[in-house]
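Visitor: After the sequence you'll find the predicted model.
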Amino acid sequence: MSSKKNKSKTKKGSEGDSSLVVKEGSEGSSNLQTSGHEGGGSCRSFNNNSFTVTDFIDKADDKTPRCCRSTLAQLSLNSMKSASVCIGRPVLLTSPTGKQEVCLGWPVAAFPAGKVGLQKCAQSNLKVKSGDEVTLHPLTGAVLQAEEVTLSSRSKDDTLETEEFKNFFLRTLVGKIILPGNVISLTYFGRSCSLRVEAVRGEDGATLHRPAPPPGPGPDTEESSVMNSVLDSSSADLSLQLTTQLPCLSSPPALCTPSSYISQNPPSGESVNLENSVSSEKIPTAPPGGALKTDTFYCLSCSTKVSLRDRAGKEEEPDAEAKRSKVTYSMIGGLSSQLDVIRETIELPLKHPELFSNYGIPPPRGVLLYGPPGTGKTLIGRAIANEVGAHMTVINGPEIMSNSEVSQRPAIIFIDELDALCPKREGAQNEVEKRVVASLLTLMDGIGSLRSGVGLGATNRPHALDPALRRPGRFDKELEVRTDNLTYILQKQLSFVPCSATYEELTQLAEAAHGYVGADLAAICKEAGKYTLSYCHVKGQNIFEKIFPVDITPSFALGLGWSPWVEIPGEGRGFYLPEFHL
Ligand SMILES: Nc1ncnc2c1ncn2[C@@H]1O[C@H](COP(=O)(O)OP(=O)(O)OP(=O)(O)O)[C@@H](O)[C@H]1O
């Protein structure tokens, strides 16, 4: 068919849409050449499914419900025809970087041809901006209801945890197809909220997780296996095509609802045609870890369970959080008796508050860890945070806490350097300091009213604390943290590095280190490791090619103070490094 002939056949869209020149498509589908859109413009060739992103046109007289507009992909009527998109049906948008979003195809009068109008949120999910190219394909895979969706918010917000918000979320977005990793933006009582989809569990039992950032070079493990597993042509969309020149699959156009997303099996008589139609189309290659248009997708329904989790700490301060969460009881050496007491005093009331209430015993409200600097008080606090599984708020020094921090239960409030926050009031420099102390005392009383909550304080100056804080009913229990067994601490410190020192050798080292605390030993071990690396570097050894090529052992040279040394296989032990003084 010549383009001239086609041009004469072309009918102008009722909305004044661009005139079309239909060329013979390579795979049975047509390539369209526009001769300018409504507003005029130069001729431009484009692939049927490739569109230039443009900002969403929000018309004042638009009759589309405002809540639906965020999910629309605006197209000209002719663009919809050329890309085989039905009105109100879902389309899968894929950016050149492999980011994806699902929107609903929506025709707009006088919309420029070859362009797709997207809301800012959709653009940011696709990591594109106005003028970038995206590909757009109608979804032909099954769309099932999501049974559960896990969302995360950038900052901690108690409002988002409420049932009211969750109901509002579902009411607003019912029917929306959600992709893990994408952000959903909505306005709740005038406040804009951005929630990232962390995971989606479908009614078929499959769970899709947010791809790990940054995406690896190959397909993502679990996610892509689920996303790409379904290539079922029998569940292809049978919707009405807007042009007979394109592969035709028919059903009346309809606005998407959760039920209409559910895949319909084609009538048996049509199956052959359908297979032909689908196979004649070039199935796009999904980006690594991404979805194909023929995959199974999940949409929100009124019965979807919404769970929220906080990603503030996780994403904004990965180092601090990782540091904090990595500490476990097994990393603490020589403090087993203190850990036993802590388990008994903190874990038991938090895990089994009924034991205390049944016997009429008030559970402890607070434990004060005191001892010299560097003996492991903070370490214990962090280990508890990791092991107990309760909501834990860590306050360092003079930070003021809000009451919301004790509203979660069971809860632990760990206040490090308690003396900075709560010094004796008689020595206070100003009224503010006194008020902080008074607030903290009130907070401790508040913890007591919680069924399961406990305060944990750490200080190396217990006598500098305001006496009111140490009276029974507040920090009821005081626990001295001191360094008794240096051998165990050395063992723990060296358990993550290649070290062949025997227990006896470590005991010898520990005996020679009388007066040292855990922090000193940690520094020595670190220093020994650094010397080892620099020694290997000088020697030109490729330490990355071998597993545990060197042995890091801090040593003590009699009379010389601490002197870390390393053992290099083949060169023997006892390579003494320069003396290291703390
Ligand atoms: N018992 C221990 N077992 C293993 N490592 C320890 C121990 N005690 C201290 N350390 C090491 O010393 C470092 C400092 O310890 P931590 O911060 O817990 O001391 P602290 O008692 O809170 O000191 P400060 O009172 O000055 O805050 C820890 O990160 C850890 O590497």
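Guide: Thanks, I have the structure now. Residues are numbered from 1 along each chain as shown.

Visitor: my guess is S152 contacts R196, does it?
Guide: Yes: using C-beta atoms under 8 Å, S152 is in contact with R196, at 5.0 Å. For every residue, glycine as well, the C-beta is placed using N, CA and C.

Visitor: T94 and Q100 touch, don't they?
Guide: Yes: if you go by C-beta under 8 Å, T94 and Q100 touch, sitting 5.2 Å apart.

Visitor: what's the neighbour count on the residue of the chain found nearest the ligand?
Guide: Using C-beta to the nearest ligand atom, the closest approach of the chain to the ligand is made by G518 at 2.1 Å. Counted with other C-beta atoms under 10 Å, the burial measure for G518 works out to 25 neighbours.

Visitor: Distance of it relative to E527?
Guide: Between G518 and E527 the distance, using C-beta to C-beta, to the nearest Å, works out to 15 Å.

Visitor: can you list the residues of the stretch 251-400 of the chain near the ligand?
Guide: Near the ligand, the residues belonging to the stretch 251-400 of the chain are 332-335, 373-379 when assessed by C-beta under 6 Å from any ligand atom.

Visitor: Is it possible to mark the buried ones in these?
Guide: Neighbour counting with 16 or more other C-beta atoms under 10 Å marks 332-335, 374-379 as buried within these.

Visitor: I'd like those laid out as CSV, including pLDDT.
Guide: Below are those laid out as CSV (pLDDT from 0 to 100):
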residue, pLDDT
I332, 90
G333, 88
G334, 88
L335, 90
G374, 89
T375, 91
G376, 89
K377, 89
T378, 86
L379, 87
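
Visitor: I'd like those residues as CSV, with distance to Q123 and secondary structure appended.
Guide: Putting these into CSV (distance: C-beta to C-beta, whole Å; DSSP: H, G, I helix; E, B strand; the rest coil) gives the following:
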residue, distance to Q123, secondary structure
I332, 49, coil
G333, 53, coil
G334, 56, coil
L335, 53, coil
G374, 51, coil
T375, 53, coil
G376, 50, coil
K377, 49, helix
T378, 44, helix
L379, 46, helix
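
Visitor: Now render those residues as CSV, adding distance to L173.
Guide: As requested, these are arranged in CSV below (distance: C-beta to C-beta, whole Å):
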residue, distance to L173
I332, 46
G333, 51
G334, 54
L335, 50
G374, 52
T375, 52
G376, 48
K377, 47
T378, 43
L379, 44
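
Visitor: burial measure for the residue nearest to E480 when sequence neighbours are not counted, as a count.
Guide: Leaving aside its sequence neighbours, E480 sits nearest to G371 (C-beta to C-beta, 6 or more residues apart in numbering; 5.5 Å). Neighbour count of G371, defined by other C-beta under 10 Å: 20.

Visitor: what's the answer for T442, then?
Guide: Counted with other C-beta under 10 Å, the neighbours of T442 add up to 11.

Visitor: Same check on S130?
Guide: 14.

Visitor: That one against F51, yeah?
Guide: No: using C-beta under 8 Å, S130 makes no contact with F51, being 11.8 Å away.

Visitor: Okay, now the unreliable bits of the stretch 451-582 of the chain?
Guide: Of all residues in the stretch 451-582 of the chain, those with pLDDT under 70 make up the ranges 451-452, 498-500, 529, 531-582.

Visitor: returning to that earlier point: retrieve the pLDDT associated with the residue nearest to E480.
Guide: Predicted confidence (pLDDT) for G371: 91.

Visitor: pretty sure it contacts K377?
Guide: Yes: in this structure G371 lies within contact range of K377 using C-beta under 8 Å: 6.1 Å.

Visitor: can you list the residues of this structure near the ligand?
Guide: The chain has residues 332-335, 373-379, 458, 460, 489, 492-493, 518-519, 522 near the ligand, with proximity defined as C-beta under 6 Å from any ligand atom.

Visitor: repeat that for 5 Å
Guide: Residues of the chain that fall close to the ligand, judged by C-beta under 5 Å from any ligand atom: 332-333, 335, 373-379, 460, 489, 492, 518-519, 522.

Visitor: closest to F165 among those residues?
Guide: Checking the residues of the chain next to the ligand against F165 with C-beta to C-beta, the nearest one is T378 at 35.7 Å.

Visitor: give me the low-pLDDT residue ranges for the stretch 101-250 of the chain?
Guide: Those would be 155-159, 189-191, 212-250, if you go by pLDDT under 70 across the stretch 101-250 of the chain.

Visitor: So which residues of it form helices?
Guide: 120-126, 163-173, 221-229 (DSSP state H, counting those that start in this stretch).

Visitor: buried residues in the one helix or strand A438 maps to?
Guide: Here A438 sits within helix 431-449, counting by DSSP states H and E. For helix 431-449, a neighbour-count test (16+ other C-beta under 10 Å) marks 433, 436-437, 440-441, 443-444, 446-448 as buried.
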